[in-house]
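**Q** need a structure here:
(4 chains)
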Number of protein chains: 2
Amino acid sequence: MTTTAQPGSPEGKTLRPELAGAPRPMRGDAARNRARVLDAARAAFAEDGAEVQMEQIAKRAGVGVGTLYRNFPTKQALIAELADRWMDERVEIVDQALEMPDPAEAFGWFVRRTAEDMAGDAGLCHLFSGVSGGTCPFPDLLVARTEEVLARARAVGAIRSDVSVADFQAILGGLSAAIAQTEKWELFAEMLITGLRAPAQPCP
Amino acid sequence: MTTTAQPGSPEGKTLRPELAGAPRPMRGDAARNRARVLDAARAAFAEDGAEVQMEQIAKRAGVGVGTLYRNFPTKQALIAELADRWMDERVEIVDQALEMPDPAEAFGWFVRRTAEDMAGDAGLCHLFSGVSGGTCPFPDLLVARTEEVLARARAVGAIRSDVSVADFQAILGGLSAAIAQTEKWELFAEMLITGLRAPAQPCP
DNA sequence: TTTGAAGTGGAAGTCGAATTCCGCTTCCGG
DNA sequence: CCGGAAGCGGAATTCGACTTCCACTTCAAA
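**A** So this is what the prediction gives:
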């Protein structure tokens, strides 16, 4: 489970590791706080993008900054944790697409769904457009699954054959940037799906 | 002339305005330095995006930061000046498009040309995707001319009728973000042109 | 050539955000 | 109910940009 990196003892600190046993579970209230922080952070990023200040997040979570730093050594680390969760969700979405019988439909649904999600979450947008921003690369699993969706669509002639996963991800990055400017995600998604379709046969 | 805001006396400082006359032209070497700074800044932004530091720019221009600040009171101001020049160039491009007889072709050319320019200049990319970044709104002139290009294309049925200039600008923002990730501008441009085409008639 | 206004470099100051520190509070096993 | 380890808040510190300042050059008009 990627999501709850329960930091009982942040780094192998226990002296005499032969006595280590279980790292002693986090205290109840502490765990609760950690969760609150994560939620607050997610909400904050979703609303205001990546430039929210640690203090804002702390306030929103109803804790002091100290507590933030107890759980995440760095702002980067906090963001990384959120990114992890986002990625997990993305994988779920892709998997749903993979379960749909019609590849073309699946591809379309996936794009629309992604666009919609982006429109509701500035943090997610940053994640996509900001691969350049050094946030984090997409995890291999996600890339692999996405490739499957593309491959299936390609096989049915639903999309051009010269679009690699990397290209597609760059395109999603573009999509997120566009959505960040105007929330017309439906238009953009449609545009993208059409634009990716195999070059228009000249109507024989 | 927008581009050379010759700052002889930055703010109306001359006492006895009745004697003001010409604000006394900038000293030769100073003008040369100003130009160098502008060039260096443009190059720096083009290479490294908007996060270059003032000191970098100064070094690249071969001057001290002091000189930067003599010419531009603020980093923002420097960026704004560059943005102005970029905008002027953009207007020229749009005008070229407007001179082309075939509206559909003109639109396509404009998109491709824009994509190509973006690919060569990270600064330009930031300008487009970063309207969100608060850099500056597009000047009315540019918007108006762009609207013309769109209108003409729309009239010939080359693009969907439900895309406003604002939408189109957001789309260009997206394009720039995509290009910032992979330099495949040709693919992206093609995709965009196709995607914007009026909904595929089902081949009558 | 002289002279002083204009221009220069870059060390020092400022400022906002991230991160650390530590005395006080809260859990929870015995 | 107690003791003390685990957590907590938030003031104080650090850090990394941007911006200011000023003694020192350089230009160019007379």
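
**Q** need the helices for chain A, in chain order.
**A** Remark: helices assigned in chain A by DSSP state H are A:28-48, A:54-61, A:65-71, A:75-99, A:103-119, A:122-129, A:140-155, A:165-181, A:185-196.

**Q** Same list (those helices) but as a markdown table, adding mean pLDDT.
**A** Below are the helices of chain A laid out as a markdown table (pLDDT from 0 to 100):
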| stretch | mean pLDDT |
| --- | --- |
| helix A:28-48 | 95 |
| helix A:54-61 | 97 |
| helix A:65-71 | 96 |
| helix A:75-99 | 96 |
| helix A:103-119 | 97 |
| helix A:122-129 | 91 |
| helix A:140-155 | 96 |
| helix A:165-181 | 95 |
| helix A:185-196 | 96 |
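
**Q** With distance to DNA strand C added, can I get these in TSV?
**A** No exception for glycine: its C-beta is placed from N, CA and C like everyone else's. Listed next are those as TSV, based on distance: least, CB to the nearest atom of the strand, whole Å:
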stretch	distance to DNA strand C
helix A:28-48	3
helix A:54-61	4
helix A:65-71	4
helix A:75-99	3
helix A:103-119	23
helix A:122-129	14
helix A:140-155	26
helix A:165-181	20
helix A:185-196	28
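
**Q** out of these, nearest to B:G157?
**A** Closest approach to B:G157 among the helices of chain A is made by helix A:185-196 (14.9 Å; CB to CB).

**Q** measure the residue nearest the centre of chain A to chain B for me?
**A** With distances taken as CA atoms, centre = their mean, A:W86 lies nearest the centre of chain A, 3.1 Å away. As for A:W86, its distance to chain B is 18 Å (criterion: CB to the nearest CB, to the nearest Å).

**Q** from memory that residue sits against A:C125, does it?
**A** No - using CB atoms under 8 Å, A:W86 makes no contact with A:C125, being 10.8 Å away.

**Q** where does chain A come near chain B, residue by residue?
**A** A:129, A:131-132, A:160, A:162-163, A:166-167, A:169-171, A:173-182, A:184, A:187-188, A:190-197, A:199-200, A:203 (CB under 8 Å from any CB of the partner chain).

**Q** From A:F168, how far off is whatever residue of chain A ends up closest to chain B?
**A** Proximity of chain A to chain B (CB to the nearest CB) peaks at A:G195, 2.6 Å away. Taking CB to CB, to the nearest Å as the measure, A:G195 falls 12 Å from A:F168.

**Q** can you check A:W86 too?
**A** A:W86 sits at a distance of 17 Å from A:F168 (criterion: CB to CB).

**Q** Now for A:V163: which residues touch it?
**A** A:150, A:171, A:196, B:187 (CB atoms under 8 Å, 6 or more residues apart in numbering or on different chains).

**Q** Pretty sure the second one sits against B:A178.
**A** Yes - using CB under 8 Å, A:I171 makes contact with B:A178 at a distance of 5.5 Å.

**Q** who has more neighbours, the two?
**A** Set A:I171 next to B:A178 and count neighbours by other CB atoms under 10 Å in any protein chain shown: B:A178 wins out with 32 against 27.

**Q** rewinding a little: let me have the contacts of A:V163 in JSON lines, adding distance to B:L98 as columns.
**A** Formatted as JSON lines, the contacts of A:V163 follow (distance: CB to CB, whole Å):
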{"residue": "A:L150", "distance to B:L98": "38"}
{"residue": "A:I171", "distance to B:L98": "29"}
{"residue": "A:L196", "distance to B:L98": "29"}
{"residue": "B:L187", "distance to B:L98": "26"}
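
**Q** Between the residues you listed, which sits nearest DNA strand D?
**A** Taking CB to the nearest atom of the strand as the measure, DNA strand D sits nearest to A:I171 out of the contacts of A:V163, at 30.6 Å.

**Q** For the closest one, give me its contacts.
**A** Contacts for A:I171 (CB under 8 Å, 6+ apart) come out as A:163, A:192, A:196, B:178, B:188, B:191.

**Q** cutoff 7 Å now
**A** The neighbours of A:I171, taking CB atoms under 7 Å, 6 or more residues apart in numbering or on different chains as the test, are A:192, B:178.

**Q** now do A:R113
**A** A:I93.

**Q** Please apply the same query to A:A43.
**A** A:R60.

**Q** Please report the distance of it from A:T114.
**A** Distance, A:A43 to A:T114, using CB to CB: 20 Å.
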